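Trainee: Take a look and give me a structure for this.
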Amino acid sequence: QMQLVESGGGSVQAGGSLRVSCAASGRTLTGYHIGWFRQAPGKERELVGAVTWSTGLTYSIDSVKGRFTISRDNAKNTVDLQMNSLKPEDTAVYYCAAGISLSSIRLVDYWGLGTQVTVSP
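Mentor: Modelled structure (predicted):
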């Protein structure tokens, strides 16, 4: 079993920055993608970005490119999501996730409990 614990998040005005961090434990991360999903009220959960643990390659959706950066720390087994130039539409609960594939929420093997990010106009 893998445990994922999120930290960070909070509230900020539009244009501000926040950082969320995911600490993974319980099993090796090799072979997994570790990523961040978000779910806004009334909307489906969507993948924001991910990192392939073994290679460090990252992926992010178009709407956050240039604003969000995902990074990993091999020594600490953490994955961070640095969010800059935040917009009200970024408001959501952000979930850390791990899986052999993250192309669908049905393929996610492990979830964190989520952390709230609120961006006010």
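
Trainee: How about residue 53: what's its closest non-neighbour residue?
Mentor: residue 29 (4.2 Å; CB to CB, 6 or more residues apart in numbering). Just so you know, the C-beta spots here come from the backbone N, C-alpha and C atoms, and that holds for glycine as well.

Trainee: correction: residue 34
Mentor: Using CB to CB, 6+ apart, the closest residue to residue 34 is residue 79 (4.6 Å).

Trainee: same question, residue 43
Mentor: In this structure, residue 43 finds its nearest non-sequential neighbour in residue 92, 7.8 Å apart by CB to CB, 6+ apart.

Trainee: again with residue 68
Mentor: Nearest to residue 68 is residue 83, by CB to CB, 6+ apart, at 5.1 Å.

Trainee: my guess is the one you found contacts residue 17, does it?
Mentor: Yes - under the criterion of CB atoms under 8 Å, residue 83 makes contact with residue 17 at 6.2 Å.

Trainee: neighbour-wise, which of the two wins?
Mentor: Counting neighbours by other CB atoms under 10 Å for residue 83 and for residue 17 shows that residue 83 has the greater number, 26 against 11.

Trainee: for stretch 13-21, which positions count as buried?
Mentor: Neighbour counts over stretch 13-21 (16 or more other CB atoms under 10 Å) mark 18, 20, 21 as buried.
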